[in-house]
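[1] I'll drop the sequence and a predicted model, then ask my questions.
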Amino acid sequence: MTRNAHLNELGEFLKTRRAELSPRAVSLPETGGLRRVKGLRREEVAQLAAISTEYYTRLEQGRIQASVQVLATLARALRLDDDQRDYLFELAGKDQARPRRRTVQKVQPTLQRLLDNLIDTPAIVMGRRTDILAWNSLAAALMSDYTEIPEKKRNHTRILFTDPAMRTLYADWAEVAHTTVAQLRMQAAKYPDDPRLAALVGELSVRDPDFRRWWGDHHVAARTMGSKTFHHPVAGELTLDWDTLTASIDAEQQLVVLTAEPGTPSHDALRILASWTTDQQQQPAPGTTA
């Protein structure tokens, strides 16, 4: 096939793939009414891939070549399997430049042991793109029961913007969320070819106007330390300091711990929450006797 033929075939391939996807399949809101095209619209694919509709339209028309980063993002947005992904890169003449898939992160055993021994301190292990890799029982009691969230969606940024409870839990949700977006942008600069990160940005840009605006501000921040105030249904108001410790064996994993100064009301509230958590764990399961 000639270069132009390859580009035309790539455009047809993209059109065919988007025609097979519904908005619901890619977590886009249903707008209702009659859709004039089968599957996703061009502008919806462009939103998911965080590129302009004009750029995506020219790709489908075979008028331009896409970069490796854009191809990786489109592969994720269109839910391509491994064979389809390989074919997409081959059509674009980028087969040799195709980014290697990053291995799925798993919490380091030493960090897991540390988590298991932190009885009175909420702590989580955060990985690439703010994925939550592990947590202890007090972190689950304070912030969210992460076991109830599918592993692929167990992401701090996604939870902040998609779980309505977060806007009540954090006393200043907007500040927390804005800082988290700035931290995510730092990740995007470090891993520009990460398709899962690009898909996360595309999804949240479509779903939430605050995320879309803050992402467009291009503010950046490192994940270091600070304080957060919580309005907890059991423990009441807590102001906790948070700090991060980077794993020496894997710099892409960070232990985030939250503490309160001894003698403060927040310290007492944290102890109350820890006691309540222990009591909940010791209660017999439904249908059993103590």
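    It's in. Numbers count the residues shown, from 1 in each chain.
[2] I'd like the next helix or strand past the host helix or strand of Ala198.
    Per DSSP states H and E: Ala198 is located in helix 195-207. Heading C-terminal from helix 195-207, the first helix or strand you meet, by DSSP H and E, is helix 209-217.
[3] for that next one, name the packing helices and strands.
    The elements that helix 209-217 packs onto, with contact taken as 3 or more CB pairs under 8 Å, 6 or more residues apart in numbering; DSSP states H and E, are helix 173-190, helix 195-207. For glycine as for every other residue, the C-beta is placed from the backbone atoms N, C-alpha and C.
[4] centre of the chain versus the helix holding Ala198, how much separation?
    How far helix 195-207 lies from its chain's middle: 8 Å, per CA atoms, centre = their mean, to the nearest Å.
[5] what's the average pLDDT for that helix?
    Averaging pLDDT along helix 195-207 yields 91.
[6] swap in stretch 47-64?
    Mean predicted confidence for stretch 47-64 is 91.
[7] determine how far it lies from the middle of the whole chain.
    Between the centre of stretch 47-64 and the centre of its chain there are 24 Å (CA atoms, centre = their mean).
[8] what of stretch 211-224?
    14 Å.
[9] for the chain, give me the ranges with low pLDDT.
    By pLDDT under 70, the weakly predicted segments of the chain are 1-4, 30-37, 95-102, 282-290.
[10] show me where it has helices.
    3-19, 42-49, 53-60, 68-77, 82-91, 109-117, 137-142, 156-162, 165-169, 173-190, 195-207, 209-217, 265-282 (DSSP state H).
[11] turn those helices into TSV, columns for mean neighbour count and distance to Gly127.
    Shown next, in TSV, are the helices of the chain (neighbours: other CB atoms under 10 Å; distance: least, CB to CB, whole Å):
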stretch	mean neighbour count	distance to Gly127
helix 3-19	16	29
helix 42-49	22	23
helix 53-60	17	30
helix 68-77	23	18
helix 82-91	16	23
helix 109-117	14	10
helix 137-142	20	15
helix 156-162	20	10
helix 165-169	15	20
helix 173-190	17	10
helix 195-207	22	11
helix 209-217	15	20
helix 265-282	15	24
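[12] among these, which comes closest to Leu255?
    Among the helices of the chain, the nearest to Leu255 by CB to CB is helix 109-117 (5.7 Å).
[13] find the nearest non-adjacent residue to Ile64, please.
    Arg58 (4.8 Å; CB to CB, 6 or more residues apart in numbering).
[14] what is the top strand by length along the chain packed up against?
    In the chain, taking DSSP state E as the definition, the longest strand is strand 236-246. Counting by 3+ CB pairs under 8 Å, 6+ apart, the packing neighbours recorded for strand 236-246 are strand 225-232, strand 254-259, helix 265-282.
[15] neighbouring contacts of the shortest one?
    It refers to strand 254-259. Outside strand 254-259, the residues that touch it by CB atoms under 8 Å, 6 or more residues apart in numbering are 111, 114-115, 118, 121-127, 139, 142, 223, 228, 240-247.
[16] that older thread, could the helices and strands packed on strand 236-246 be laid out in JSON lines, adding distance to Glu151?
    Formatted as JSON lines, the helices and strands packed on strand 236-246 follow (distance: least, CB to CB, whole Å):
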{"stretch": "strand 225-232", "distance to Glu151": "25"}
{"stretch": "strand 254-259", "distance to Glu151": "19"}
{"stretch": "helix 265-282", "distance to Glu151": "22"}
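[17] so which of those is nearest Leu197?
    Of all the helices and strands packed on strand 236-246, strand 254-259 comes closest under CB to CB, at 16.1 Å.
[18] list the buried residues for the closest one?
    Using 16 or more other CB atoms under 10 Å as the test for burial, strand 254-259 gives Gln254, Leu255, Val256, Val257, Leu258, Thr259.
[19] direction included, what does that strand pair against?
    If you go by DSSP bridges, strand 254-259 pairs up with strand 123-126 (antiparallel), strand 236-246 (antiparallel).
[20] list the buried residues in the longest one.
    Of all the residues in strand 236-246, those buried under the rule 16+ other CB under 10 Å are Leu238, Thr239, Leu240, Trp242.
[21] what does it rub up against?
    122, 126, 142, 171, 223-232, 253-261, 264-266, 269-270, 273.
[22] with that, I have no additional questions.
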